[in-house]
Every structure is written in C-alpha cells, then in structure tokens.
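>>> sequence plus predicted model, see below.
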Amino acid sequence: MSGLFGSRLVFGAGGAVAGLTAQRTLDLAQSADELGFELFSLSDHLHSNSTTVEPLVTLSWLAGKTRRIELATNVLALPYRPPAVVAKTAETVDRLSGGRFVLGLGGGGFDQEFHAFGLTERTPGQKITGQREAIGIIRGLWANESTTLHGQEFAVDDARIDPLPDHPIPIWLGSYGPRALALTGELADGWLPSIGRIGLDRARQMRPAVLAAARDAGRDPAAITCACNVIVRLDPVARPSPQAVGGGVPAVVKQLVEIVAAGFTALLLAVPTVADQEILAREVIPAVRAQAAARGLVAV
C-alpha cells in the first residue's frame, strides 16, 4: 500500500505565497497545472499582513479552471469551522474537481487569529483532541449513512451528508509536536510540515516519529505521504532567509535534493510569480529528479 502519489517524487505549487488576489491565485494555479506540477495548495489564515483568499471557496473555483492538478488546503485550521461543515464542503470540492482534492488539516497555529476574530483559544492538548474528534466526524460522515460522536471539542448527533464521496479523500496533517506527530502516524494519509518553520534537521528528526506511530497503529508507514512546504527564492543575489531555500538554481537544486534525501517525496514549492514557477518546472525540478534518481533516493 502507498500514499496518494505512491513512491514517486512529486512537486506542488502555491502554499505560503503572500499577496494572493483572486486573479493572481488563478494565474499561479493554471500555470502550475499547465507546467506539470502535481499539486496546488492554499493556506488558511483569517488574520494576515497581506492579501489572502479563503481556501475552500477558492479551490472550488479553481476546480473548474484547472484540468489535472490535485488541489489541497495547506492547511485548514480545524477550530475555525465545524468538522461536519468541513466534511460536506470537502466532498463538494472533491466532486467539483473530479476527485482531485486533498484535505490538509491543522490545529490553528496562530493564536492571534483566535483572539482577533473572537474564536475560543485552544491549548495544544485541546487542539490534538479536536483534531482526533474532527477526523472521526469527517471520515464518519464520508463513509456512513449516519454519524454520532459526542467529544470534548466537537459533537454531532445522527448527522449525515448526501452525496457521500465517490472515493476516500486523503487527509494530510500539518503537525509538529510529539502528540500531533503520533496522531498523524495513527490516522492521517499524509504529513505536511513547513521546512521554513522548523528547519530540515528538525523535520528529519520528526519523520521517524510519524512512521513509528503508523507501525504502532498497525498501519503500513508507506501509506503515509511525507510532504513538506518549502519557500523558494530563485534570485541568486537575494538576501538569504532562514525560512527559504535560495541562492540561484544550482543552490536551490542542491537544497531540494537534501530534502528528498531526508525522506520527503512531495515537495510543495512556494514561489511568488508565474515566471518563477516556469523556472522551477524547466530548470529546477528536472535536475532534482535526475540527482535524486542518481542517488537512488526515490522512484522518479
């Protein structure tokens, strides 16, 4: 058994891109679709220093504007929406896209958003409990005629949606702490950390915890897609950033190959322009694939 993309090395676009207007989002998504990227994703932030779009609404629009690329939330903050609503909306986006949707979920990483928008702030433990309950509700609604769950954070009583999904919709978790990593291995179809947030060394150290939790739950670790967000800056003279991979094409290729060597097979590359996506598709990604293949890292 293997994850969404099997053991192949795949590349995504979108993600943590600042200043996303509707038109700019459309341009980036259609460019990624045409250039051969396997996935396009949108983040979920109510409170931001730059323009953002609501991901589920926007991905449903992009479903009709793209042909083949997978569409993902990266990641949807669960405390902002009732899980039953997420289940129904996700099914709709998946149906509108012809089965091309990946539901990325998280606990909500920015406490200022909770305060600013009048949401109840959660402790880390409450977020983990909420994610576990929410996944149970979401998958229950996708699979059953009726779902009842009375949890500490969420509850549904004889809830149902119609239609049910035509296939299992993948759930990826953006997780970092020990309990969140264990939950990912136990329940999720994919793991989606951000390299710019934790650094490659920490990501490399966290990955075995996800796989060990999968084994402890009686799952095949190969069923979990190990994805990651990577901010990329292609300008060779740009000031280095600890959050970004950069330094020109050769340097970017070298750094991305090291991420693959750390066990990540789905690299979601965030760049600000269509021109940058074209450079990734024509110069960076082929070189990463070739070097990864030469080192025997993954199937490419």
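Received it, and whenever you're ready, just let me know what you need. Numbering: from 1, shown residues only.
>>> which residues sit against the helix or strand of the chain with the lowest mean pLDDT?
Lowest by mean pLDDT, DSSP states H and E among the helices and strands of the chain is helix 111-116, with a mean of 76. Helix 111-116 is contacted from outside by 45-47, 77, 79, 108, 119-122, using Cβ atoms under 8 Å, 6 or more residues apart in numbering. Where you see a C-beta, it was placed from the backbone N, CA and C, and this is true even at glycine.
>>> and the residues you listed, which are buried?
Using 16 or more other Cβ atoms under 10 Å as the burial test, the contacts of helix 111-116 include 45-46, 77, 79, 108, 122 as buried.
>>> now the strands for the protein?
Per DSSP state E, the chain carries strands over the ranges 10-15, 39-42, 70-73, 76-77, 101-106, 147-150, 155-159, 171-173, 190-191, 225-233, 244-246, 266-270.
>>> what is the orientation angle of the longest helix seen in the chain with strand 266-270?
Taking DSSP state H as the criterion, the chain has its longest helix at helix 195-216. Counting by axes from the mean of the first three to the mean of the last three Cα atoms, to 10 degrees, helix 195-216 lies at 160 degrees to strand 266-270.
>>> buried ones in helix 195-216, by neighbour count?
195-196, 200, 203-204, 206-207, 209-211, 213-214.
>>> quick one: which of those residues is nearest residue 176?
residue 206 (7.1 Å; Cβ to Cβ).
>>> ok, now which ones touch the closest one?
Residue 206 neighbours (Cβ under 8 Å, 6+ apart): 176, 181, 193, 198.
>>> could you redo the last one with a cut-off of 10 Å?
Shown in contact with residue 206 (Cβ atoms under 10 Å, 6 or more residues apart in numbering): 175-178, 180-181, 184, 191, 193, 198.
>>> min pLDDT across the contacts of helix 111-116, which one?
Least confident entry in those, by pLDDT: residue 47, with 71.
>>> quick check: that one touching residue 110?
Yes. The pair residue 47 / residue 110 is scored as a contact, 6.8 Å apart, by Cβ atoms under 10 Å.
>>> residues touching the residue nearest the centre of the chain, list them.
Nearest to the mean C-alpha position of the chain, counting by Cα atoms, centre = their mean, stands residue 74 at 3.9 Å. Going by Cβ under 10 Å, 6+ apart, residue 74 touches 12, 14-16, 39-44, 55, 102, 104-106, 172, 174, 192, 194, 227, 229, 268, 270.
>>> for the residue nearest to it when sequence neighbours are not counted, give the beta-bridge partners.
Closest residue to residue 74 apart from its sequence neighbours, by Cβ to Cβ, 6 or more residues apart in numbering: residue 41 at 3.5 Å. Beta bridges link residue 41 to residue 14, residue 72 when assigned by DSSP bridges.
>>> neighbours of residue 41, how many?
Neighbour count of residue 41, defined by other Cβ atoms under 10 Å: 28.
>>> make sure it is actually in contact with residue 11.
No. If you go by Cβ under 10 Å, residue 41 and residue 11 don't touch, sitting 11.6 Å apart.
>>> can you pull the residues that touch both of those two?
Contact criterion Cβ under 10 Å, 6+ apart; residues bridging residue 41 and residue 11 by contacting each: 32, 268.
>>> any idea how far residue 10 is from the closest residue to residue 97 other than its chain neighbours?
Excluding the flanking residues, the one nearest residue 97 by Cβ to Cβ, 6+ apart is residue 63, at 3.6 Å. Plainly put, residue 63 is 19 Å away from residue 10 if you go by Cβ to Cβ, to the nearest Å.
>>> and what of residue 104?
Separation of residue 104 from residue 10 (Cβ to Cβ): 15 Å.
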